[in-house]
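Chemist: generate a structure from the sequence data that follows.
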Amino acid sequence: MNKLSHRFCVAPMMDWTDRHCRVFHRHLTRHALLYTEMVTADAVIYGDRARLLRFSNLEHPLALQLGGSDPAKLAEAARIGADFGYDEINLNIGCPSDRVQEGRFGACLMAEPQLVADCVAAMRKAQALPVTVKCRIGIDDQDADEDLRRFVDIVSATGCTTFIVHARKAWLKGLSPKENREVPPLDYARIYRLKAAHPELEIVINGGITTVAEAQAHLDHVDGVMVGRAAYQNPAILADVDRTIFGSEAESPTRADALHAMVPYAERHISGGGRLSNVTRHVLGLYHGQPRGKAFRRHLSEGATAASATADVLREAIVLVEARSRERSYAA
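Modeler: Sure thing, here's the model as predicted:
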């Protein structure tokens, strides 16, 4: 099995990084490691697996993120995920929402490192894919370098070698998930120190990173970078990843390249009973800050929501922005 590269990853984001989003992102970067939305172990075991877990082969390399705290259930869910063809299984120890806490998983498990270790050990034993952990730098008053290192020491003793660390601690009471992404201060230095203390581990930094240039700067200190909201809200940044981060010599795709590639995908999705808006909602930020960007978003937002909408709406949106680009090049 080839070792996955975590040098640049797109974060798992609930309601955002579904299979349509991931196909779109893959047309912008071939090498970034993509992640699913978090899926609970119970949902994988007892729910509609085809709906929850299916993906296109275009999406590789692709990791499945699981949530839970029962080692036996997580082991079964990991085995199912491996059978579906994912490249990695990731355990969510970072989500701070009340609902997640009530289910005893997510960030609250940083207070129970031995339970996390038991879960990881069971997941690794059940299947052959690498198991990684996504966590915070701390929670509540458990907020010191020593706390994070103790957590990592206990979990890494199971053979887990990759930790994706969000550079903000989580307040489990009093802050919403959105506030937990914005209010606690970023502390990148703590993650740098964690890497220095554990040179044998692969440490990936996450939180507040908005550009490929920022990602490059972090790579002087850690092994990889995970970008979340910026990759979704301004997806054009992903077009620079392969050349800048991975050293690819291939020409970077243009925005229009990525959109043209999505047209046949959208047609297949519609022919299978889906709606155009399932696909196009993920491309709305592609022309963020660009000429005709607002017109592009308006055309898709208004035209793609009807049940009868076809991929022609997407074609029209491409013509709308490409015509403006040609006008600008002629004027120059």
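Chemist: all strands of the stretch 201-332 of the chain, in order?
Modeler: 202-206, 224-227 (DSSP state E, counting those that start in this stretch).
Chemist: out of those, which is closest to Pro113?
Modeler: strand 202-206 (16.5 Å; Cβ to Cβ). Where C-beta positions appear, they are placed from N, C-alpha and C, glycine not excepted.
Chemist: so Gly293 sits against Tyr287, correct?
Modeler: Yes - counting by Cβ atoms under 8 Å, Tyr287 is a contact partner of Gly293 at 3.6 Å.
Chemist: so those two - more neighbours on which side?
Modeler: Neighbour totals were compared for Gly293 and Tyr287, and Tyr287 leads with 24 against 17 (other Cβ atoms under 10 Å).
Chemist: got phi/psi on the more buried one?
Modeler: When quoted as degrees, to the nearest 10, the phi and psi of Tyr287 stand at phi -100, psi 30.
Chemist: returning to what we had before: in TSV, list the strands of the stretch 201-332 of the chain along with mean neighbour count.
Modeler: Converted to TSV, the strands of the stretch 201-332 of the chain look like this (neighbours: other Cβ atoms under 10 Å):
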stretch	mean neighbour count
strand 202-206	23
strand 224-227	24
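Chemist: could I get those as a markdown table with distance to Thr132 and mean pLDDT?
Modeler: Putting the strands of the stretch 201-332 of the chain into a markdown table (distance: least, Cβ to Cβ, whole Å; pLDDT from 0 to 100) gives the following:
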| stretch | distance to Thr132 | mean pLDDT |
| --- | --- | --- |
| strand 202-206 | 8 | 98 |
| strand 224-227 | 10 | 98 |
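Chemist: how about JSON lines for the ones you listed, with distance to Ile237 added?
Modeler: Formatted as JSON lines, the strands of the stretch 201-332 of the chain follow (distance: least, Cβ to Cβ, whole Å):
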{"stretch": "strand 202-206", "distance to Ile237": "15"}
{"stretch": "strand 224-227", "distance to Ile237": "8"}
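Chemist: what confidence value was assigned to the nearest residue to Pro12 once chain neighbours are set aside?
Modeler: Spatial nearest neighbour of Pro12, excluding adjacent residues (Cβ to Cβ, 6 or more residues apart in numbering): Tyr35 at 3.9 Å. pLDDT, Tyr35: 98.
Chemist: helices and strands around the helix or strand hosting Ile89, which ones?
Modeler: Element membership for Ile89, per DSSP states H and E: strand 88-93. Strand 88-93 makes packing contacts with strand 62-67, helix 71-84, helix 113-126, strand 131-136 when contacts are defined by 3 or more Cβ pairs under 8 Å, 6 or more residues apart in numbering; DSSP states H and E.
Chemist: right, and the ones you listed - which one's nearest Cys9?
Modeler: Between Cys9 and the helices and strands packed on strand 88-93, the shortest separation by Cβ to Cβ is 8.1 Å, and it involves strand 62-67.
Chemist: can you tell me what sits against the closest one?
Modeler: Identification of contacts with strand 62-67 by Cβ atoms under 8 Å, 6 or more residues apart in numbering yields 4, 12, 22, 33-41, 44, 53, 55, 74, 77-78, 81, 84, 86-92, 95, 100, 103, 105-106, 123, 132, 134.
Chemist: one more time with 6 Å, if that's ok
Modeler: 12, 34-36, 38, 40-41, 77, 81, 86-92, 105 (Cβ atoms under 6 Å, 6 or more residues apart in numbering).
Chemist: that one pairs with which strands, and in what direction?
Modeler: The strands beside strand 62-67 in its sheet (DSSP bridges) come out as strand 33-35 (parallel), strand 39-40 (parallel), strand 88-93 (parallel).
Chemist: quick one: that strand to chain centroid distance?
Modeler: Here strand 62-67 is found 9 Å from its chain centre; the criterion is Cα atoms, centre = their mean, to the nearest Å.
Chemist: need the contact list for Leu32.
Modeler: Just so we're on the same page, residue 32 is Ala rather than Leu. Phe8, Val10, Val241.
Chemist: repeat that with 8 Å
Modeler: The neighbours of Ala32, taking Cβ under 8 Å, 6+ apart as the test, are Phe8, Cys9, Val10, His25, Leu238, Val241, Asp242, Ile245.
Chemist: which one is the last one nearest to, not counting chain neighbours?
Modeler: Here the nearest residue to Ile245 in space, its sequence neighbours aside, is Phe8; by Cβ to Cβ, 6+ apart that works out to 4.6 Å.
Chemist: and that neighbour, what pLDDT?
Modeler: Note on Phe8: pLDDT of 98.
Chemist: ok, it touching Leu33?
Modeler: Yes - taking Cβ under 8 Å as the definition, Phe8 is a contact partner of Leu33 at 7.3 Å.
Chemist: before we move on, back to that, give the residues shared as contacts by Gly293 and Tyr287.
Modeler: With Cβ under 8 Å, 6+ apart as the test, Gly293 and Tyr287 both reach Val321.
Chemist: can I get the strands paired with strand 62-67 in JSON lines including distance to Tyr232 and mean neighbour count?
Modeler: Output for these, formatted as JSON lines (distance: least, Cβ to Cβ, whole Å; neighbours: other Cβ atoms under 10 Å):
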{"stretch": "strand 33-35", "distance to Tyr232": "12", "mean neighbour count": "24"}
{"stretch": "strand 39-40", "distance to Tyr232": "18", "mean neighbour count": "21"}
{"stretch": "strand 88-93", "distance to Tyr232": "18", "mean neighbour count": "25"}
